[in-house]
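In: With the sequence up front, the predicted model follows.
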Amino acid sequence: MVLRLKKKSRKFLGSRSWGGGNIKNRRGSGDRGGTGRGGKKGKFTHTVVYEKDSIRKVGFSPWRKKNYSEINLEDISRNIDNLKKGNEITLRGYKVLSRGQLSQPVKISALSFSKKAEEKIKAAGGEAVKL
C-alpha cells in the first residue's frame, strides 16, 4: 500500500527538538509565558472576568460616564395603568426623555428632564418635579 501523507511523528523521528528550533527553545514553562503574572496577553480576559479586584482603580474616570438611566415618555405612558397611588410616578436615578406622548396628566418626579419632555408633560396637564 502506498503511503500518501507522512505523519509528523515520522518526519521528525531522529531529531531532538521536533521542529521547535534549538534545544533550548520550548524548555519548561518559559514556552507558556511563565507562571504567575507572566504572559499577561493571554491571561487578561480571565483577569477581567474573574479577578476584577486585582485591577487598579487609580487614574482618571471616563468623561462620558452617566450617573443616571434614561426612560422615555412612551414607556411611562405604557405603564400609567399599573399605578397604585393615583397619578404620581417617582423615578430615582432616571432622566426622562421626550420620545412619545403622554395619554393622561401625570405628576412625574425624576432626577432630570429634557426640555422637550418637560414641555410635553405640561402640555398633557401633568407636572415635572426634579428630585
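Out: Okay, I see it. It should be emphasised that the depicted structure is a prediction, and the values quoted were computed from it without experimental measurement.
In: Straight-line length of stretch 64-78, end to end?
Out: End-to-end distance for stretch 64-78, by Cα to Cα, to the nearest Å: 30 Å.
In: centre of the chain versus the top strand by length along the chain, how much separation?
Out: Criterion DSSP state E: the longest strand present in the chain is strand 88-97. Averaging C-alpha positions (Cα atoms, centre = their mean, to the nearest Å) puts strand 88-97 23 Å from its chain's average.
In: Alpha carbons of it, in PDB - could you do that?
Out: Taking Å, rounded to 0.1, in the frame of the first residue of the first chain, the C-alpha atoms of strand 88-97 are listed here in PDB:
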ATOM      1  CA  GLU A  88     -47.800  60.000  40.600                       C
ATOM      2  CA  ILE A  89     -44.500  58.400  39.500                       C
ATOM      3  CA  THR A  90     -41.200  58.600  41.300                       C
ATOM      4  CA  LEU A  91     -38.200  57.700  39.200                       C
ATOM      5  CA  ARG A  92     -35.000  57.800  41.300                       C
ATOM      6  CA  GLY A  93     -31.800  57.800  39.100                       C
ATOM      7  CA  TYR A  94     -33.700  58.400  35.800                       C
ATOM      8  CA  LYS A  95     -33.600  61.100  33.200                       C
ATOM      9  CA  VAL A  96     -36.900  61.500  31.400                       C
ATOM     10  CA  LEU A  97     -36.600  61.900  27.600                       C
END
